[in-house]
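Colleague: Kindly return the folded structure for what I paste below:
(one chain, ligands or ions: 1)
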Amino acid sequence: MKYRSLGRTGWMVSEISFGAWAIGGSWGQVSDQEALAALNQAVDSGVNFIDTADVYGDGRSERLIAELKKERKEEIIVATKAGRRLPSQTTEGYSRENLSAWIERSLRNLAVETLDLLQLHCPPTELYDRPEVFGILDDFVQAGKIRYYGVSVQKVAEALRAIEYPNVQSVQIIFNCFRQRPADLFFARAKQGKVGILARVPLASGLLTGKFRNDSTFAADDHRNFNRHVESFDVGETFSGVDYDLGLESVEEIRQLLPAGTSMSEFALRWILMFDAVSCAIPGGKRSEQVEENCRASDLPPLTPEAMAEVESIYKQKIGPQIHHRW
Ligand SMILES: NC(=O)c1ccc[n+]([C@@H]2O[C@H](COP(=O)([O-])OP(=O)(O)OC[C@H]3O[C@@H](n4cnc5c(N)ncnc54)[C@H](OP(=O)(O)O)[C@@H]3O)[C@@H](O)[C@H]2O)c1
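Modeller: Sure thing, here's the model as predicted:
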């Protein structure tokens with residue numbers, strides 16, 4: 001496992017880290033035992049950074065991470081998120097009182113005195129017109145409740161606004177073979193400002209593992225079943241917002257590019273690591289074998305310029321026309 005700096009935090013984080021949404025909920029059933037096995041495998045593979053949120057399984061994901069930290073002696077940095085406990089997303093909801101309550105709850109769930117990194121969890125775009133919210137976050141840093149803060153965003157435009165705030169240390173954004181827009185302008189700006197980038201949904205919710213077919217089915221409590229048409233949250237979070245059949249077709253084109261002995265998941269993650277603005281990719285994993293495979297991407301040699309050009313061309317011709325303008 002290789003490590004990269006995360007913005008100005010001084011942390012060196014594993015370039016393949018761990019996304020802990022699926023072990024919390026909304027992805028079908030995962031037992032505590034399976035979740036802890038996946039988390040332990042991540043640490044065994046050199047992962048030292050975990051992304052979670054207060055709403056994943058209503059706190060279950062955070063509590064499982066607290067268990068992991070009890071079991072392991074390695075240093076593990078945990079990024080959590082706040083904001084999605086609001087019944088509906090309003091900028092007024094990001095008040096001092098609400099933020100304080102969410103932070104206190106995450107501190108209890110994670111069994112720590114200070115949160116390493118608190119991210120606003122895809123707040124409304126208008127929030128970036130309200131510097132007072134970032135002032136409140138500065139106060140929580142001063143009070144020792146959080147070490148650093150960042151944001152998770154849906155759109156590139158929000159990412160660009162967020163990094164105007166000088167103490168935003170990280171931006172979490174969807175970035176993968178099927179979501180290439182962040183690389184256009186945002187990556188250069190983030191590098192300039194020394195802002196860390198967490199590449200989320202790196203496998204397009206599993207599409208880029210190459211394991212799905214047009215007759216694959218998903219459990220009723222899996223968002224790949226219940227959120228395909230924006231029923232619950234932004235559809236960009238489900239299969240990266242890409243039409244399922246178009247995604248399958250494009251996966252087959254990418255499959256032609258795999259070097260011998262490299263899996264589709266490894267290739268997709270290694271593609272992300274080709275961008276040095278990225279601090280880490282945070283693939284989700286429900287089973288230890290998945291985590292082990294994903295971490296192997298860090299050991300692969302760089303992809304060839306030809307393969308990079310091909311992935312860009314597949315995106316431009318097939319996927320981009322459908323999604324590029326949306327996020
Ligand atoms: N708004 C936000 O801030 C936000 C939104 C989304 C995600 N995130 C963060 O980003 C993280 C990653 O995104 P994500 O979990 O949505 O999507 P993802 O990483 O693209 O996909 C993860 C899923 O793909 C499957 N998978 C992973 N590795 C695999 C492998 N090697 N072989 C076969 N299947 C594999 C697993 O599900 P199955 O086995 O069931 O197929 C896994 O749950 C999340 O965990 C979360 O921490 C944040």
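
Colleague: contacting residues for residue 171?
Modeller: Neighbour list for residue 171: 150-153, 159, 162-163, 186, 190, 195-198 [criterion: CB atoms under 8 Å, 6 or more residues apart in numbering]. Backbone N, C-alpha and C define where each C-beta goes, glycine included.

Colleague: Name the SS class of the residue nearest to it when sequence neighbours are not counted, please.
Modeller: Spatial nearest neighbour of residue 171, excluding adjacent residues (CB to CB, 6 or more residues apart in numbering): residue 159 at 4.9 Å. Three-state assignment for residue 159 (DSSP: H, G, I helix; E, B strand; the rest coil): helix.

Colleague: ok, residue 159 touching residue 173?
Modeller: Yes - here residue 159 reaches residue 173: they are 5.5 Å apart, a contact under CB atoms under 8 Å.

Colleague: Mutual contacts of these two, please.
Modeller: Common neighbours of residue 159 and residue 173 (CB under 8 Å, 6+ apart) are 153, 182, 186.

Colleague: Most neighbours of all those residues, which one?
Modeller: Within those, most neighbours by other CB atoms under 10 Å means residue 153, with 28 neighbours.

Colleague: quick one, strands of the protein?
Modeller: Ranges of strands in the chain, per DSSP state E, are 3-5, 12-14, 18-19, 49-51, 77-82, 115-121, 146-152, 168-174, 196-200, 280-281.

Colleague: Can you pull the residues of this protein lying near the ligand?
Modeller: 19-22, 27, 51, 81, 121-122, 152, 172, 200-206, 209, 211, 237, 265, 282-286, 290, 293-294 (CB under 6 Å from any ligand atom).

Colleague: looking at the sheet around the residue of the stretch 151-300 of the chain found nearest the ligand, what are its partners?
Modeller: Per CB to the nearest ligand atom, residue 284 is where the stretch 151-300 of the chain lies closest to the ligand, at 2.5 Å. The bridge-partner assignment for residue 284, based on DSSP bridges, gives residue 19.

Colleague: That one contacts residue 19, doesn't it?
Modeller: Yes - using CB under 8 Å, residue 284 is in contact with residue 19, at 4.1 Å.

Colleague: Neighbour count: these two, which is higher?
Modeller: Neighbour count, other CB under 10 Å: between residue 284 and residue 19, residue 19 has more, with 27 against 24.

Colleague: I'd like to know how far the residue in the chain sticking out farthest from the centre sits from residue 38.
Modeller: Distance from the C-alpha centroid of the chain peaks at residue 260, with 28.1 Å (CA atoms, centre = their mean). The gap separating residue 260 from residue 38 is 28 Å, by CB to CB, to the nearest Å.

Colleague: go on, residue 269?
Modeller: For residue 269 relative to residue 38 (CB to CB), the value is 16 Å.

Colleague: of those two, who's got more company?
Modeller: residue 269 (28 against 25).

Colleague: Excluding chain neighbours, what is closest to the more buried one?
Modeller: Per CB to CB, 6+ apart, closest to residue 269 is residue 297, 3.5 Å.

Colleague: I'd say residue 266 and residue 295 touch.
Modeller: No - the pair residue 266 / residue 295 is not scored as a contact, 9.4 Å apart, by CB under 8 Å.

Colleague: neighbour-wise, which of those two wins?
Modeller: For the pair residue 266 and residue 295, the greater number of neighbours falls to residue 295 (25 against 22), based on other CB under 10 Å.

Colleague: give the contact list for residue 70.
Modeller: residue 111.

Colleague: What does the pLDDT read for it?
Modeller: You'll see residue 70 listed with a pLDDT of 97.

Colleague: again, but for residue 232
Modeller: Reported pLDDT for residue 232: 84.

Colleague: Check residue 208 too.
Modeller: At residue 208, pLDDT is 98.

Colleague: How many residues are close by it?
Modeller: Other residues close to residue 208 by other CB under 10 Å number 29.

Colleague: now do the one 4 residues further on
Modeller: If you count neighbours by other CB under 10 Å, residue 212 ends up with 20.

Colleague: who's in contact with it?
Modeller: If you count contacts by CB under 8 Å, 6+ apart, then residue 212 has 206, 244, 248, 251 around it.

Colleague: who's in contact with the closest residue to the second one other than its chain neighbours?
Modeller: Put plainly, it is residue 244. Setting aside the residues directly before and after it, residue 244 is nearest to residue 228 in space (CB to CB, 6+ apart), at 7.2 Å. Residues near residue 228 by CB under 8 Å, 6+ apart: 235, 238, 239, 244.
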